[in-house]
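> What follows is a predicted protein model with its sequence.
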Amino acid sequence: MLEDIKLAFFQTEIDVQWGDMDAAQHVNNVIYLRWGETSRIGFYEKLNVLNLDFADLGIILAWQDCKYIFPATYPDTIILTYDIIEVLPDRLIGECRMYSKKHNRLVAISKSSVMAYSYKALKKVDIPVDWKERLVKIYGDSISKPT
């Protein structure tokens with residue numbers, strides 16, 4: 001299964017921590033959302049659009065979900081991948097896939113919607129053209145919906 005992981009634009013690994021476990025002795029559901037956040041932030045850092053000084057234009061999470069497929073447990077290493085699956089005029093839809101090295105399988109999929117946000121105007125704005133151009137270079141023209 002791990003050999004089937006596609007070459008995602010962003011990929012990283014994270015160790016499962018003992019404290020990630022819950023009373024059912026598997027990784028707590030909220031941890032998967034944190035892993036999704038780790039991959040999402042890593043993706044936007046690599047894309048060079050993450051603005052952490054909050055002075056101008058940045059990203060803001062609008063929505064996320066998670067489909068739990070197989071329980072992860074300690075000890076394990078999770079491979080996180082993140083890719084944009086759709087570019088809309090006012091948001092980017094991304095997908096994080098989480099794979100267990102120990103079990104050699106997919107454990108969860110988290111999708112999210114991120115908007116461009118003006119910290120000066122305190123409101124969402126359309127996805128900047130230069131962001132779209134970067135994404136088209138990575139994924140091709142089919143990723144972007146007409147504005």
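Thanks, I have it. Numbering: from 1, shown residues only.
> tell me, what residue is most central in the protein?
When the chain is reduced to its mean C-alpha position, the nearest residue by CA atoms, centre = their mean turns out to be R40, at 3.0 Å.
> Check for me that that residue belongs to a helix.
Yes. Under the criterion used here (DSSP: H, G, I helix; E, B strand; the rest coil), R40 sits inside a helix.
> Name the single longest strand found in the protein.
Using DSSP state E to define each element, the chain has its longest strand at strand 105-118.
> Pull up the pairing partners for whichever helix or strand comes after that strand, direction included.
If you walk from strand 105-118 toward the C-terminus, the next helix or strand you reach (DSSP states H and E) is strand 123-125. According to DSSP bridges, strand 123-125 forms sheet pairs with strand 105-118 (antiparallel).
> could I get the partner strand in CSV with only the CA atoms?
Once side chains and other backbone atoms are set aside, the C-alpha atoms of strand 105-118 remain, and they are given as CSV (Å, rounded to 0.1, in the frame of the first residue of the first chain):
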residue,chain,number,x,y,z
ARG,A,105,-2.2,1.2,4.8
LEU,A,106,-4.3,4.3,4.5
VAL,A,107,-5.8,5.3,7.9
ALA,A,108,-7.7,8.5,7.2
ILE,A,109,-8.5,11.2,4.6
SER,A,110,-9.1,14.8,5.6
LYS,A,111,-10.5,17.4,3.2
SER,A,112,-10.4,21.1,3.9
SER,A,113,-11.4,24.4,2.4
VAL,A,114,-9.0,27.4,2.7
MET,A,115,-9.9,31.0,1.8
ALA,A,116,-7.6,33.9,1.1
TYR,A,117,-8.1,36.4,3.9
SER,A,118,-7.3,40.1,4.1
